[in-house]
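Participant: take a look and give me a structure for this.
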Amino acid sequence: MTPLAAVIADTHIPRRAKGLPETLLLHLRRTDRILHAGDLMAPTLIHELEEYAPTRAVRGNLDPPEAGLPETLEFEFGGVRVAMIHDSGPKRGRRPRMRRRFPDARVIVFGHSHIPWLEDEDGLMLLNPGSPTDKRRQPRPTFALLWVEGGEVGAEVRSL
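Facilitator: Residues are numbered from 1 along each chain as shown. Coordinates of the predicted model:
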């Protein structure tokens with residue numbers, strides 16, 4: 001069975017939305033894991049996400065300290081090493097900077113910019129799912145799917 005993760009970030013609940021879009025919830029129902037790359041804002045969102053699948057989340061710059069979220073996470077998903085951080089810094093120099101910060105990671109999930117980003121080069125996948133609730137300058141709200149099959153990693157950013 002191929003492990004499947006829904007990847008989200010920058011939900012900004014309740015500032016930008018009262019809750020997650022119903023179309024996103026349909027996807028959450030069929031995932032094995034949920035990854036949230038920060039700026040949940042409502043710590044109770046973790047409990048809501050846990051109702052769909054085990055959830056991992058990192059602290060965003062707008063998350064309250066009492067949420068108790070770590071700044072970074074590193075873990076195995078389907079036999080692949082994944083790292084998470086909210087703010088990966090400027091686009092320029094991102095790949096080498098993230099490689100130095102997480103030398104063992106095959107996938108690095110980040111957020112903060114609300115701009116979807118998927119780049120898989122030289123054994124390192126960088127994935128920003130954008131935001132399902134606050135599209136900013138993007139045409140549509142977005143999220144991502146991440147899977148591992150036969151030791152290979154795949155991902156896609158999807159519009160809502």
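Participant: ok, G151 touching P3?
Facilitator: No. In this structure G151 lies outside contact range of P3 using Cβ atoms under 8 Å: 11.8 Å. Backbone N, C-alpha and C define where each C-beta goes, glycine included.
Participant: quick one: which of the two has more around it?
Facilitator: P3 (15 against 9; other Cβ atoms under 10 Å).
Participant: now do the more buried one against G154, distance only.
Facilitator: Using Cβ to Cβ, to the nearest Å, P3 is found at 11 Å from G154.
Participant: swap in N128?
Facilitator: N128 is 16 Å from G154, by Cβ to Cβ.
Participant: show me which of the two is the more surrounded one.
Facilitator: N128 (26 against 13).
Participant: pLDDT value on that one, please?
Facilitator: As predicted, N128 sits at a pLDDT of 98.
Participant: that one pairs with what?
Facilitator: For N128, the beta-bridge partners are W117 (DSSP bridges).
Participant: where does E156 land in three-state SS?
Facilitator: What DSSP: H, G, I helix; E, B strand; the rest coil gives for E156 is strand.
Participant: overlap in contacts of P3 and G154?
Facilitator: The contact sets of P3 and G154 overlap at W147, V148 (Cβ atoms under 8 Å, 6 or more residues apart in numbering).
Participant: identify the spatial nearest neighbour of E149, chain neighbours not counted.
Facilitator: Spatial nearest neighbour of E149, chain neighbours left out: T2 (4.6 Å); criterion: Cβ to Cβ, 6 or more residues apart in numbering.
Participant: can you check T133 too?
Facilitator: That would be A17: by Cβ to Cβ, 6+ apart, it lies 3.7 Å from T133.
Participant: centre of the chain versus stretch 35-46, how much separation?
Facilitator: 10 Å (Cα atoms, centre = their mean, to the nearest Å).
Participant: in that stretch, what's buried?
Facilitator: Within stretch 35-46, the residues that qualify as buried are L35, H36, A37, G38, D39, L40, M41, A42, L45, I46, counting by 16 or more other Cβ atoms under 10 Å.
Participant: please consider this matter closed, and thank you.
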